[in-house]
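Colleague: Got a predicted structure plus its sequence, pasted below:
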Amino acid sequence: MTTAADLLLTCESCAAALNAALTRLYKDAASDVADVLRAALLDTWTAAQRRALDAAIAELTTLAPGPLTEADVASIIAGLEGELGVTYAVSVAAPVATANLTAYSDGRAGVTGALEFGFNVPDSRAIGILEEHTLHFVRESYQRSWGPLVQASGQKVLEQGLTREQAAKVFRLNLETVLDPAKSPRTELYWSNFSNNVVTRSRVFGATQGFTDGGITTYRITAVLDDRTSDICKGMDGRTFQVSRAVELVDAYLAADTPEAAIELVKWPKPANVAADIPTADLPLGLALPPYHFGCRTDVVAVA
């Protein structure tokens, strides 16, 4: 005879199975969104860095014959900064907007499985700020990650005492190994990890709004456990938080005066900061939601 307790257990098992299936579905969707964004960023970057190098080399070769000067190097660096900073960000604005919107929507829908819903004011505000921040860091990426390398390369060429014609050939060779994804694994990895972070943050912000709308009070951190999983994400996997903590973090992030101030709120931890013996209640607010490091794939799932 089936008892009420048996029925309750069956319902709970079905709910758990449904929740797990939805989590897998939306994680796959997040991976797809990140792959599309990564392809757009890399393809546009590849074309932009070639265009920038062609312009730099053309500038050198059209000048009067003579030794390379500091002014020549400064002009080349300025051209690269413009092409791979502001101009590049403008070129990828559309795929960035699509990725932020899609990831946020997937995260929100993944809470209840509802594929169609109307965005409210908090949704629209969050998506707009996420897009603004993403484009800000796209613009800043060249100066932060490649600018110092290009500066060092230019200084090295200058110290060799080459002519402009000689320097043009050396510049192309040196800078291609730094900027071209086909020759620089670091460049390809950077935009791949960047895409993962964009999608992860947008997705968990959407999930947080979904938790609120759905009356969810607690959620669990769930990492992708494989040979690429970081020690940080292993330390966070399985921890449960009150939804109020996620809401507090999202509100603070969205209220920050600048993108840098927002990122300061979610500073990435060291493995020791998330050791198993540290109670979840003692973790800083910034760890209430992933991403926890560059390229983070960790997600959140509703508990109750």
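Modeller: Alright, I've got the coordinates.

Colleague: What mean pLDDT does stretch 180-197 get?
Modeller: For stretch 180-197, mean pLDDT is 96.

Colleague: Please compute how far it lies from its chain's middle.
Modeller: 11 Å (Cα atoms, centre = their mean, to the nearest Å).

Colleague: swap in stretch 149-162?
Modeller: That offset, for stretch 149-162, works out to 32 Å (Cα atoms, centre = their mean).

Colleague: what comes up buried for it?
Modeller: For stretch 149-162, the neighbour count (16 or more other Cβ atoms under 10 Å) marks Leu149, Val150, Ser153, Gly154, Val157, Leu158, Leu162 as buried. All C-beta atoms are positioned from the backbone trio N, CA, C, and that covers glycine.

Colleague: and the last one, what does it touch?
Modeller: The reference is to Leu162. Taking Cβ atoms under 8 Å, 6 or more residues apart in numbering, we find Leu162 in contact with Pro67, Leu68, Val170.

Colleague: Among the residues you listed, name the ones in helices.
Modeller: Secondary structure from DSSP state H places Val170 of the contacts of Leu162 in helices.

Colleague: Check the secondary structure at the closest residue to Val243 other than its chain neighbours for me.
Modeller: Once flanking residues are discounted, Val243 sits nearest to Phe211: 4.5 Å by Cβ to Cβ, 6 or more residues apart in numbering. Assigned with DSSP: H, G, I helix; E, B strand; the rest coil, Phe211 falls in the helix class.

Colleague: so where does Thr46 fall, helix or strand?
Modeller: In the assignment (DSSP states H and E), Thr46 maps to helix 4-62.

Colleague: after that helix, next one along is what?
Modeller: Next in sequence after helix 4-62, counting helices and strands by DSSP H and E, comes helix 70-84.

Colleague: Just the CA trace of that following helix, in CSV.
Modeller: The C-alpha coordinates for helix 70-84 follow below in CSV (Å, rounded to 0.1, in the frame of the first residue of the first chain):
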residue,chain,number,x,y,z
GLU,A,70,61.0,57.1,-30.6
ALA,A,71,58.3,59.1,-32.3
ASP,A,72,57.9,56.2,-34.8
VAL,A,73,57.4,53.7,-32.1
ALA,A,74,55.0,55.9,-30.2
SER,A,75,52.9,56.4,-33.3
ILE,A,76,52.7,52.6,-33.9
ILE,A,77,51.8,51.9,-30.3
ALA,A,78,49.1,54.6,-30.4
GLY,A,79,47.6,53.1,-33.6
LEU,A,80,47.5,49.7,-32.0
GLU,A,81,45.8,51.0,-28.9
GLY,A,82,43.1,52.7,-30.9
GLU,A,83,42.4,49.8,-33.2
LEU,A,84,42.5,47.1,-30.5
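
Colleague: Good, wrapping up.
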